[in-house]
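Trainee: quick one, structure for this:
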Amino acid sequence: MTQLYVNDGYKVPPLSTAAIRRIAHRILDDYELTGGYIDDRGYLRIADLLEDLSTRFSSEFTLKIVSDDDPCLDGREAFTLPNKDVIVVKESVYCAALQHNPQARFTLAHEWAHLILH
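Mentor: Take a look at the predicted model:
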């Protein structure tokens, strides 16, 4: 099953920061996410959000957490397969995001954006 994910994605053109912000605010509003997923510092608890969305919308989206040495990662922290509605993330990155690590949180949000935008 791991081999399924190797080189199975595709490249997409970048969006402007303004466009990404507009989309992000629309998503937060559409999913009514502003309340329970914002921590005391005002940061989005992205790992909790993705886990909950994956559970609520399991037929539409899969969050796959793999061991750090899984060959499907091919040196990456995480990757998204928009055509399969899958986000694959290294276990250490996911755990770091749960601990509010900024880089790990960014990685998860970045991959979620790929899924939503493409």
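Trainee: and R56, how close does it get to A109?
Mentor: Distance, R56 to A109, by Cβ to Cβ, to the nearest Å: 18 Å. For glycine as for every other residue, the C-beta is placed from the backbone atoms N, C-alpha and C.
Trainee: quick one: L81 and C72, what's the gap?
Mentor: 10 Å.
Trainee: what are the boundaries of the helices in this protein?
Mentor: 17-30, 46-56, 91-98, 102-117 (DSSP state H).
Trainee: low-confidence ranges in the protein?
Mentor: For the chain, applying pLDDT under 70 flags the ranges 1-12, 31-35, 58, 118.
Trainee: at 90 what do you get?
Mentor: For the chain, the stretches flagged by pLDDT under 90 are 1-46, 48-62, 81-85, 100, 112-118.
Trainee: which phi and psi does the residue lying farthest from the centre of the chain have?
Mentor: The outermost residue of the chain relative to its centre, with distances by Cα atoms, centre = their mean, is D40 at 21.3 Å. Main-chain dihedrals, D40, degrees, to the nearest 10: phi -60, psi -20.
Trainee: residues in contact with it?
Mentor: By Cβ atoms under 8 Å, 6 or more residues apart in numbering, the contact list for D40 is empty.
Trainee: nearest residue to A78 other than its sequence neighbours?
Mentor: Using Cβ to Cβ, 6 or more residues apart in numbering and skipping the chain neighbours, the partner closest in space to A78 is V89 (4.0 Å).
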